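Undergrad: need a 3D model of the sequence below.
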Amino acid sequence: MAILSTVPGSIYPAATGRGVTDIDNALDALRREEARLSEALNAVTQQIAAARSAEAAALSDLARFKLKAGGEAISGRLDQAAREADQAMAARATEQATLATTQAAKLALLEQHRKNAETLRNDLEAVEDRIEALKDQLAARLASDPAHKALVEAEDRAVATAAAASKKAEQAEADRAAKSKAYEADILFTYLWKRGFGTPQYAYGGLTRTLDRWVSNLIGYLEARPAYAMLTEIPVRLRAHAERVAEEATAAAIAVDESEDKALAAIAGEDLAGRARALAEGVTAQQDAMAPLETETAALDARAAAFAAGEDDAFKRATEALARSIAGDEIRALKLEAERTPSPEDERFVERIERARAEIARLEPDAAKARADLSVVATRRQELLRVSQDIRSRGWDNRGHNFDLGDFLTGYLAGRISYGGLWGRIESTHRGSNTGWSGGWGGGGGFGGSFSGGSRGGGRIGGGGFRTGGRIGGGGGFRTGGRIR
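TA: Numbering: from 1, shown residues only. Below is the predicted model of the structure:
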């Protein structure tokens with residue numbers, strides 16, 4: 001089904017060439033179309049409700065006419081049903097107005113967060129461009145700074161020490177896993193070990209102690225215990241040591257980061273790394289704020305769609321109340337009776353009933369079509385929202401990532417391309433930049449390429465090199481993407 005086929009061409013958002021922006025614009029277009037269809041469906045639903053009310057009123061009038069012939073029970077039943085329907089519809093109108101107000105407030109807040117995130121992202125890109133422009137000066141300054149070189153060398157030593165310690169711990173753990181099997185397979189040895197036999201923790205006496213000593217002598221427990229104790233204790237000690245030196249390596253890396261940040265600030269005349277970090281955190285905060293709002297607005301949209309389709313509880317109660325006033329067989333019987341009476345008044349009541357039912361029959365196909373169109377648009381919007389959220393969760397909305405939607409987004413909006421087809425297009429055309437500044441604060445991204453001098457791990461500059469893969473390190477350090485010795 002072409003979901004936007006009945007809408008003027010202006011509903012199709014003009015492509016900007018930036019995938020995320022085009023998707024956001026398409027979401028706005030779908031939301032507007034959903035609102036338009038909801039309004040149309042709500043209008044026809046109200047018309048159907050009015051026709052049903054007219055039918056009920058005509059039945060009530062006919063019943064009152066019949067009361068003169070002794071039909072008091074009929075009049076009472078119809079009046080009660082009408083009152084129930086009126087009460088349900090009044091409550092529904094209040095609830096619907098409250099929902100519309102809440103929807104508007106949530107959407108306004110969501111849009112504000114989106115604008116804030118875009119502003120912060122633009123500011124971040126401007127700061128990143130300044131850092132990129134200063135990278136050569138920064139490399140030269142750090143290369144000539146003995147204090148920075150000493151920090152880099154200290155970090156390298158700490159990293160090497162941590163790697164060696166971790167390797168030793170892993171080897172000890174592997175030895176423990178392999179060599180402890182023989183001990184742990186012996187149920188008598190395991191029994192005495194768990195009791196702490198042969199240690200100050202052993203708390204048994206009397207016959208139990210005597211029997212445990214006998215078992216110990218039987219299997220040579222006291223001779224085997226020291227070896228098993230060493231086998232289990234050494235890996236724990238080595239792992240604790242590995243974790244300690246790993247923390248020292250992290251501290252050394254932070255010191256290097258802070259030195260780089262300080263040098264960059266001296267060149268730029270301001271703390272560019274700090275600004276970049278704060279802006280990146282601001283973007284993340286805005287996106288974190290958007291996630292629950294998107295969930296809330298989706299729930300509100302679902303409720304609004306239910307109101308528009310007449311599927312809310314209040315409308316159902318009103319419909320059920322009116323249905324009790326409209327018994328088809330009884331109406332047909334009343335029509336036959338009216339034709340047999342000399343008074344034309346009851347025939348006019350029956351004609352009103354017929355007109356109301358004809359109006360309902362005319363409107364219900366329109367309501368069904370609008371309901372179906374609204375369901376398709378709502379599904380497309382929800383699917384496209386999932387695409388947008390998946391793109392952001394993967395970081396593909398950041399600088400350095402792009403994908404070519406081509407005509408697929410327009411085809412998706414028109415219903416010619418499925419959700420799977422659109423996402424497949426995005427995945428197949430996605431390109432993540434590995435060069436240039438990618439805006440990866442706190443991990444990933446950085447200055448691409450390598451510089452003169454020895455290199456390792458993605459590039460270094462002279463005498464040690466400039467390490468690519470920029471990041472902001474813990475402890476406030478801005479990882480420029482390099483290491484200068």
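
Undergrad: what's residue 214 in contact with, if anything?
TA: Contact partners of residue 214, counting by C-beta atoms under 8 Å, 6 or more residues apart in numbering, are absent. Quick note: C-beta positions are derived from backbone N, CA and C, even for glycine.

Undergrad: and what of the one 10 residues further on?
TA: Residues near residue 224 by C-beta under 8 Å, 6+ apart: 183, 189.

Undergrad: phi and psi next, for it.
TA: Residue 224 adopts backbone torsions of phi -90, psi -30, taken as degrees, to the nearest 10.

Undergrad: and the pLDDT at it?
TA: On pLDDT, residue 224 comes in at 91.

Undergrad: so how far is residue 178 from it?
TA: Counting by C-beta to C-beta, to the nearest Å, the gap from residue 224 to residue 178 is 16 Å.

Undergrad: what does residue 307 give?
TA: 67 Å.

Undergrad: neighbour count: these two, which is higher?
TA: residue 307 (21 against 10; other C-beta atoms under 10 Å).

Undergrad: list the contacts for the more buried one?
TA: Residue 307 touches 42, 92, 96, 99, 315, counting by C-beta under 8 Å, 6+ apart.

Undergrad: the helices in the stretch 151-300 of the chain, which residues?
TA: 187-195, 206-219, 221-268, 272-308 (DSSP state H, counting those that start in this stretch).

Undergrad: residue 49: which of the ones you listed is closest?
TA: helix 272-308 (12.0 Å; C-beta to C-beta).

Undergrad: in that closest one, what's buried?
TA: Residues 272-277, 279-280, 282-283, 286-287, 289-290, 293-294, 297, 300-301, 303-305, 307-308 are the ones in helix 272-308 that count as buried (16 or more other C-beta atoms under 10 Å).

Undergrad: gap between it and the chain center?
TA: 9 Å (C-alpha atoms, centre = their mean, to the nearest Å).

Undergrad: now it against helix 221-268, angle please.
TA: If you take axes from the mean of the first three to the mean of the last three C-alpha atoms, to 10 degrees, helix 272-308 sits at 100 degrees to helix 221-268.

Undergrad: any chance of the helices of the stretch 151-300 of the chain in TSV, plus distance to residue 430?
TA: Shown next, in TSV, are these (distance: least, C-beta to C-beta, whole Å):
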stretch	distance to residue 430
helix 187-195	55
helix 206-219	63
helix 221-268	30
helix 272-308	19
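
Undergrad: and residue 105, which of these is closest to it?
TA: helix 272-308 (9.8 Å).

Undergrad: pLDDT (mean, whole number) over the closest one?
TA: Computed over helix 272-308, the average pLDDT equals 93.

Undergrad: for stretch 311-326, same thing?
TA: 70.

Undergrad: could you give the angle of the helix or strand containing residue 129 to helix 221-268?
TA: Assigned by DSSP states H and E, residue 129 belongs to helix 72-133. Interaxial angle of helix 72-133 relative to helix 221-268 (the same axes, to 10 degrees): 80 degrees.

Undergrad: if I look at the nearest residue to residue 121 once chain neighbours are set aside, how far off is residue 232?
TA: Among residues not flanking residue 121 along the chain, residue 283 sits closest, at 5.4 Å (C-beta to C-beta, 6 or more residues apart in numbering). Distance from residue 283 to residue 232, counting by C-beta to C-beta: 48 Å.

Undergrad: how many neighbouring residues does residue 93 have?
TA: Residue 93, neighbours per other C-beta under 10 Å, totals 12.

Undergrad: before we move on, what about the one 5 residues further on?
TA: Using other C-beta under 10 Å, residue 98 has 10 neighbouring residues.

Undergrad: and the pLDDT at it?
TA: For residue 98, the pLDDT comes out at 94.

Undergrad: likewise residue 351?
TA: Checking the pLDDT column for residue 351, the value is 84.

Undergrad: name the helix or strand for it, please.
TA: helix 345-393.

Undergrad: can you name every helix or strand that that helix contacts?
TA: helix 19-67, helix 272-308, helix 328-340, helix 408-413, helix 419-429 (3 or more C-beta pairs under 8 Å, 6 or more residues apart in numbering; DSSP states H and E).

Undergrad: compare those and give me the one nearest residue 128.
TA: helix 272-308 (6.5 Å).

Undergrad: returning to what we had before: and of the helices of the stretch 151-300 of the chain, who's closest to residue 55?
TA: The nearest among the helices of the stretch 151-300 of the chain, by C-beta to C-beta, is helix 272-308 at 22.1 Å.

Undergrad: so which of the helices of the stretch 151-300 of the chain is nearest residue 80?
TA: helix 272-308 (25.4 Å).

Undergrad: and the angle for the closest one with helix 345-393?
TA: Going by the same axes, to 10 degrees, helix 272-308 makes 160 degrees with helix 345-393.

Undergrad: after the helix holding residue 129, next one along is what?
TA: helix 135-143.

Undergrad: so which bits of that next one are buried?
TA: By neighbour count on 16+ other C-beta under 10 Å, the buried set for helix 135-143 is 135, 138, 139, 141, 142, 143.

Undergrad: do the same with stretch 34-47
TA: For stretch 34-47, by 16+ other C-beta under 10 Å, it's 34, 35, 36, 37, 38, 40, 41, 42, 44, 45, 47.

Undergrad: ok, now stretch 228-241?
TA: 228, 231, 232, 234, 235, 238, 239, 241.

Undergrad: so how far is residue 265 from residue 134?
TA: Computed as C-beta to C-beta, the residue 134 to residue 265 distance reads 10 Å.

Undergrad: which neighbours do the two have in common?
TA: Contact criterion C-beta under 8 Å, 6+ apart; residues shared by residue 134 and residue 265: residue 272.

Undergrad: now render the buried residues of stretch 228-241 as a markdown table, adding distance to residue 108 and pLDDT.
TA: Output for the buried residues of stretch 228-241, formatted as a markdown table (distance: C-beta to C-beta, whole Å; pLDDT from 0 to 100):
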| residue | distance to residue 108 | pLDDT |
| --- | --- | --- |
| 228 | 68 | 92 |
| 231 | 65 | 89 |
| 232 | 62 | 90 |
| 234 | 63 | 91 |
| 235 | 58 | 93 |
| 238 | 58 | 95 |
| 239 | 53 | 94 |
| 241 | 56 | 96 |
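
Undergrad: and the furthest pair within the residues you listed?
TA: Checking the buried residues of stretch 228-241 with C-beta to C-beta, the most distant pair is 228 and 241, at 21.1 Å.

Undergrad: who does the helix holding residue 129 touch, helix- and strand-wise?
TA: helix 19-67, helix 221-268, helix 272-308, helix 313-323.

Undergrad: could I get those as JSON lines with distance to residue 341?
TA: Shown next, in JSON lines, are those (distance: least, C-beta to C-beta, whole Å):
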{"stretch": "helix 19-67", "distance to residue 341": "9"}
{"stretch": "helix 221-268", "distance to residue 341": "97"}
{"stretch": "helix 272-308", "distance to residue 341": "43"}
{"stretch": "helix 313-323", "distance to residue 341": "26"}
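
Undergrad: right, so of these, which gets closest to residue 116?
TA: helix 272-308 (4.9 Å).
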